[in-house]
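Chemist: Mind folding the following:
(4 chains)
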Protein chains: 4
Amino acid sequence: MSGHFSHKVASNIRTDLAVEARQFLTQQGFTVPGVTVKEDKGEYASVSWVEITSPEGAQAMGKPPGNYITIESQYLRQTNRIIQEEISQILANKLKELANLGENAAVLVIGLGNWHATPDALGPRVIDKLMVTRHIAQYAPEELGEGLRVVSALAPGVLGITGIETGEIVKGIIQNVAPDLVIVIDSLAARNVERVCTTIQLADNGIHPGSGVGNKRLALTKETMGVPIIAIGVPTVVHASNIAYDVIETLLGQMKGEIDLGLIGKLGTADKRQTIKAVLGPELGDLHVTPKEIDFLILNLSQILSGALNIALHPAVKEEDVYRYLQ
Amino acid sequence: MSGHFSHKVASNIRTDLAVEARQFLTQQGFTVPGVTVKEDKGEYASVSWVEITSPEGAQAMGKPPGNYITIESQYLRQTNRIIQEEISQILANKLKELANLGENAAVLVIGLGNWHATPDALGPRVIDKLMVTRHIAQYAPEELGEGLRVVSALAPGVLGITGIETGEIVKGIIQNVAPDLVIVIDSLAARNVERVCTTIQLADNGIHPGSGVGNKRLALTKETMGVPIIAIGVPTVVHASNIAYDVIETLLGQMKGEIDLGLIGKLGTADKRQTIKAVLGPELGDLHVTPKEIDFLILNLSQILSGALNIALHPAVKEEDVYRYLQ
Amino acid sequence: MSGHFSHKVASNIRTDLAVEARQFLTQQGFTVPGVTVKEDKGEYASVSWVEITSPEGAQAMGKPPGNYITIESQYLRQTNRIIQEEISQILANKLKELANLGENAAVLVIGLGNWHATPDALGPRVIDKLMVTRHIAQYAPEELGEGLRVVSALAPGVLGITGIETGEIVKGIIQNVAPDLVIVIDSLAARNVERVCTTIQLADNGIHPGSGVGNKRLALTKETMGVPIIAIGVPTVVHASNIAYDVIETLLGQMKGEIDLGLIGKLGTADKRQTIKAVLGPELGDLHVTPKEIDFLILNLSQILSGALNIALHPAVKEEDVYRYLQ
Amino acid sequence: MSGHFSHKVASNIRTDLAVEARQFLTQQGFTVPGVTVKEDKGEYASVSWVEITSPEGAQAMGKPPGNYITIESQYLRQTNRIIQEEISQILANKLKELANLGENAAVLVIGLGNWHATPDALGPRVIDKLMVTRHIAQYAPEELGEGLRVVSALAPGVLGITGIETGEIVKGIIQNVAPDLVIVIDSLAARNVERVCTTIQLADNGIHPGSGVGNKRLALTKETMGVPIIAIGVPTVVHASNIAYDVIETLLGQMKGEIDLGLIGKLGTADKRQTIKAVLGPELGDLHVTPKEIDFLILNLSQILSGALNIALHPAVKEEDVYRYLQ
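Modeler: Here you go, the predicted model:
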């Protein structure tokens, strides 16, 4: 099967990761025009760089044009500080490549999510560990050391607690703080359970409604905010129906040839998902799940991400110092 | 299919809930001798009382003989304090029936689990909200009001943090505190994702190795501890392979008649699980998952359980006062 | 001694509470023109209403003109939910009197302070327990019940973590949310250790630089923000030198007549503080202290304040329901 | 004044630190027989080693005979990871000297205090960051690397939450775990506000009733527990009356000669305290205070202490690796 796809397909993918969307399409036999991929397999992490260059590619992938860098490592689920420092460094390098910041550019970091819902707490926890300097630059510039950029940060909270759209809050801050770049940290939903807490995605085109673990209705993009926006996301949850879907795909793959799959063997992707949804709907509802070790995983990831941001944003912070600054 | 089952079957169920084990066996067409069931459907909660009376029943169910009371309510996933007070009262009544405590009997409550792993934190959080009185009875008995029983409590922590088996710790406490009854609170693994955080199980025969979210190697039973033990468990996680299994069962059920299922249609329960494990093993590994709202769910449940314990253990505490004592 | 005072005196008081400033001045023998006081002693709490009406009064008190309501109760340090509900109701009534809100007026609640510094965490914790409704009013107005006002809320974090002045953040939010009234919750510094966590102050003229436990440089007032601002503050810390000062005052009062106090007996207020500062400075530095039970006290207070706000802002919420909505 | 002292004097000191007791006595002009002191001033920390060798010394100091090592450093109140590693190493060295452990000796670490009361949470937080190995040694000895000692740990909670004396719990654990040494971590009360969170005390004679931030009634000593006990304590609170006392002492010292102090100049230590108590009693009550930055201070200290324990107990853990193991 090839060549034909619809928005319906992409929207059925239920993934915030470009690399998953592409993998999924490829597995289904689609060729995806207007999408280029570079891959780089390191000792501790694989890096893939997906660029969506055409509207057709965007439609197929269910994502707007832009650059999507994915860092994948099973080490993100373990405690090995030495390897984590390596991954922090890789992430810092990719962030610097993507952001291409001028020496005096000021950066605002936004940590989306809910402090009190562990799988959604990554953003706020990263904010807590950042080296912010804007107030020093403003009130005691002589104390701001060499090699420290003007950085500010905010964890705005979630709609259910504030009653205010994240986008409205961030817009208000940008108007008053006037940064040259905004970096947004967010927890994402993965399509595949294997990706949960093993993947970090950077994208240079912001955050779009409906993505993330929470529920955003207003895009955080250069168009809406007036400033370039880089999103750093980590999938921390997966919809239970995706586990179901993968199980069936895997099983059908194994059974091919052995048995006559009848109707189901002939179903297209969207229809298969439809069938699964019809069958499982009442049972699974809108259930998102997360690994039972999520408290530990979020702690680990918040250290890796804040370490990477501190290295990438402040030239004076060296890799070997990363854990000295964290609490 | 009927009549035949093996320990292998039961051990494949991967559930800590007697009501699930029985349901599973019944669905498979087994009749289970030596197991009686009473059911009572209330407005806000259903209560089922499973009694395993014979070794044969015990083998089929994969659980030792004893009484297993299950309280099921979808309201456990919502915030409605009035209904929660009702469920606290139901749980308190069942606990009193099962424990049948003498007026002066002293009770020790043990909260198993890990404060810092949310799905495993139910036990310690319940301990935090209990009204303990043993120290008052011991050091200032004149201050212990009427209608207050001698209650003590401990959250011993988990093996990975203490390096000590829970059973060893509890045994040491019992030797020094000499309670008439021990109540153990624990997070459990469910077989079915629907039961996660919607079910409370009481059992009068203790806790057995390998059950619960953590990893216990020493039984907490009357035999090992020398005191009657009541276990109160709430499933907070489910193994990902169980979601997979249910998906396939449901789907095969739907497709029956429509297609020739070939080999898989002829597989028995254990073999089907074996097949699933072989197919999914490398992908799912030993992954347990929990709902993404787990922080809120554990908070809710800890209030319901501690409220129920306070009513059940102290005659002086009235239902309407339950939320006055919680923090 | 009477009649003469200077800004130096007032600035030496180191208190955020109007009632303390007045008490202090009165004790020193000053008459304070342009300041009226009404007092009301209830069973569980005393309420005093200080109004500063003249610039002279403002200078003497070290506080801008406006209304300052103080609710004092030793019960704020204890756990008695029934009395706490009473105090929530008193606070709600005073807030309604002071705010005098139109039926459709929208309110934004700002919780100042730092989630991760317990004595400064009151604001963020109150925000967490509020019933916010603005998002419902905006996206699903048909679901917004009768008697629920449009309420939004934000805990902006502290300068050391965000690098952004609280005032800049709040200004940005107000521009986008356009509330009719802003209520700001803050932890304060008391002059007298007895007031710590036993006093709640409401003021109708906002928050001024240098007040509060944190360090604000930008006023939150109607002038700077363009909206009326009510501040609700609770003293949670006291400067160690104030404990010292009170000790000496008390002791000297006791010894009067018995001994010749020489120089120190002749010192004025400001000079006495100067002497104390000179003597203790190197030792006490800039040390603020808080009771060792602060975690419990903040939890208690956050329930009382959020309960009061929920009653005061939403006509549909009744006193007896307050604890049903809290988590 | 010299030579004469009474138990009343010592008991009025209200300090858990031997170094403070001795300093206090020396300042009062007492010579203290049966007490030897060695001091060592390093770049980042001062170490003093007080040995109480006679019953007379014990009575004067209000502490039982034994070795008391005090590490003092203002850096304990700051975040400088490099200096903190130095202090961890100093603490590890002193602990090794004091414990003099055989190669195969098993150690049990007990973290006293209350997770949910920040100034009393040091013990439980240290336990959380320890490398425990006893379970590995027991269940998978082949996985226990070289240079790792058998270590177990427990945070038993506080009397108000458990209803059980800490001593009873620890006794039960010792009976079942049979360690060769018990190390107990505790939060202490200092007499002087300057010592709060700047001092670490090691003592080789256990924990005595009435010491610590909490309220213990049962001693944890070799006599009661049957195993040698080392106590590591950090003062985290100070009684408000001690701040008062120091203020008056300092002020009176300054005023000597200038004025006739009358009666108060002639008071002995105990009487002066009595006077202060009489004057301040109704106001200060039994108020203990802690610095407003206590959350940060406890976090810092828990990392230093757990780092030191990991180095001291496990030969395989190197100083430079300390922060790699912490979370």
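Chemist: Near chain B, which residues of the stretch 51-200 of chain A? Just list them.
Modeler: Residues of the stretch 51-200 of chain A found near chain B (Cβ under 8 Å from any Cβ of the partner chain) are A:116, A:117, A:118, A:119, A:120, A:193, A:194. Yep, even glycine has a C-beta here, placed from its N, CA and C like the rest.
Chemist: May I have the secondary structure class of the last one?
Modeler: Read that as residue A:194. With DSSP: H, G, I helix; E, B strand; the rest coil as the basis, residue A:194 sits in helix.
Chemist: Also residue A:237?
Modeler: strand.
Chemist: Could I get the contacting residues of it?
Modeler: Residue A:237 makes contact with A:119, A:187, A:188, A:189, A:190, A:196, A:213, A:288, A:289, A:290, B:292, according to Cβ atoms under 8 Å, 6 or more residues apart in numbering or on different chains.
Chemist: Please name the bridge partners of the residue nearest the centre of chain A.
Modeler: Centroid-nearest residue in chain A, with Cα atoms, centre = their mean: residue A:233, separated by 2.0 Å. Beta-bridge pairing for residue A:233 (DSSP bridges): residue A:186, residue A:201.
Chemist: which residues does it contact?
Modeler: Counting by Cβ under 8 Å, 6+ apart, residue A:233 has contacts A:16, A:17, A:185, A:186, A:187, A:188, A:200, A:201, A:203, A:211, A:212.
Chemist: Now do it against residue B:42, distance only.
Modeler: From residue A:233 over to residue B:42 the distance is 44 Å, taken as Cβ to Cβ, to the nearest Å.
Chemist: residue ranges of the helices in the stretch 101-250 of chain A, please?
Modeler: Taking DSSP state H, counting those that start in this stretch as the test, the helices found in the stretch 101-250 of chain A are A:122-128, A:134-139, A:159-162, A:166-177, A:222-225, A:240-255.
Chemist: quick one: low-confidence ranges for chain A?
Modeler: Filtered on pLDDT under 70, chain A yields the residue ranges A:1-14, A:209-217, A:251-285, A:319-327.
Chemist: Can you name the residue of it nearest to chain C?
Modeler: Nearest residue of chain A to chain C: residue A:172, at 2.7 Å (Cβ to the nearest Cβ).
Chemist: ok, that residue to residue C:178 distance?
Modeler: Relative to residue C:178, and taking Cβ to Cβ, residue A:172 is found at 11 Å.
Chemist: Same question for residue A:35.
Modeler: Residue A:35 sits 42 Å away from residue C:178 when distances are taken as Cβ to Cβ.
Chemist: what about those two, which has more around it?
Modeler: residue A:35 (24 against 11; other Cβ atoms under 10 Å in any protein chain shown).
Chemist: Can you report how many residues neighbour residue A:125?
Modeler: For residue A:125, using other Cβ under 10 Å, the count is 21.
Chemist: which residue sits closest to it, ignoring its sequence neighbours?
Modeler: Leaving aside its sequence neighbours, residue A:125 sits nearest to residue A:302 (Cβ to Cβ, 6 or more residues apart in numbering or on different chains; 3.8 Å).
Chemist: just residue A:106 next, same as before
Modeler: Excluding the flanking residues, the one nearest residue A:106 by Cβ to Cβ, 6+ apart is residue A:150, at 4.0 Å.
Chemist: pretty sure that neighbour is in contact with residue A:107, am I right?
Modeler: Yes - under the criterion of Cβ atoms under 8 Å, residue A:150 makes contact with residue A:107 at 7.3 Å.
Chemist: Go ahead and confirm the residue of chain A closest to chain C touches residue C:173.
Modeler: Yes - taking contacts as Cβ under 8 Å, residue A:172 lies within contact range of residue C:173: 5.0 Å.
Chemist: Tell me which of those two has more neighbours.
Modeler: Counted by other Cβ under 10 Å, residue A:172 and residue C:173 do not tie: residue C:173 has more neighbours, with 26 against 23.
Chemist: contacting residues around that one?
Modeler: Contacts of residue C:173 (Cβ under 8 Å, 6+ apart): A:164, A:168, A:169, A:172, C:108, C:110, C:154, C:156.
Chemist: How about residue A:317: what's its closest non-neighbour residue?
Modeler: With Cβ to Cβ, 6+ apart, the residue lying closest to residue A:317 is residue A:310, at 4.9 Å.
Chemist: Where does the one you found sit, in terms of helix or strand?
Modeler: Residue A:310 is located in helix A:294-313, with elements delineated by DSSP states H and E.
Chemist: Just want the angle from that helix to helix B:294-313.
Modeler: 150 degrees (axes from the mean of the first three to the mean of the last three Cα atoms, to 10 degrees).
Chemist: Do a quick rundown of the strands in chain A.
Modeler: In chain A, the strands defined using DSSP state E lie at A:35-41, A:46-52, A:66-72, A:107-111, A:151-154, A:181-190, A:199-203, A:229-239, A:288-291.
Chemist: Out of those strands, flag the one nearest residue D:243.
Modeler: strand A:151-154 (36.7 Å; Cβ to Cβ).
Chemist: mind checking how far that closest one is from the chain centre?
Modeler: Computed by Cα atoms, centre = their mean, to the nearest Å, the chain-centroid distance of strand A:151-154 equals 19 Å.
Chemist: Show me what it is packed against.
Modeler: strand A:107-111, helix A:134-139, helix A:166-177, helix C:159-162 (3 or more Cβ pairs under 8 Å, 6 or more residues apart in numbering or on different chains; DSSP states H and E).
Chemist: Deepest in the core, which of those is it.
Modeler: strand A:107-111 (a mean of 28; mean count of other Cβ atoms under 10 Å in any protein chain shown).
Chemist: What residues does the stretch 51-200 of chain A have near chain D?
Modeler: Residues of the stretch 51-200 of chain A lying near chain D by Cβ under 8 Å from any Cβ: A:79, A:81, A:82.
Chemist: Which one of those sits in the busiest neighbourhood?
Modeler: residue A:81 leads these on contacts (other Cβ under 10 Å) with 20 neighbours.
Chemist: Distance check, that one against residue A:307.
Modeler: From residue A:81 to residue A:307 the distance is 10 Å (Cβ to Cβ).
Chemist: just to revisit the earlier point, can you give me every residue that contacts the residue of chain A closest to chain C?
Modeler: Contacts of residue A:172 by Cβ under 8 Å, 6+ apart are C:169, C:171, C:172, C:173, C:174, C:175, C:176.
Chemist: Tell me which residues touch the last one, please.
Modeler: Neighbour list for residue C:176: A:164, A:168, A:169, A:171, A:172 [criterion: Cβ under 8 Å, 6+ apart].
Chemist: ditto for the second one
Modeler: Listed by Cβ under 8 Å, 6+ apart, the contact partners of residue C:171 are A:172, A:176, C:224, C:225.
Chemist: go again using 10 Å as the cut-off
Modeler: With contact taken as Cβ atoms under 10 Å, 6 or more residues apart in numbering or on different chains, residue C:171 is in contact with A:172, A:173, A:175, A:176, C:165, C:218, C:220, C:224, C:225, C:226.
Chemist: ok, now which ones touch the third one?
Modeler: Looking back up the chat, that one is residue A:175. Residue A:175 touches A:225, A:226, C:168, C:171, C:172, C:175, C:176, counting by Cβ under 10 Å, 6+ apart.
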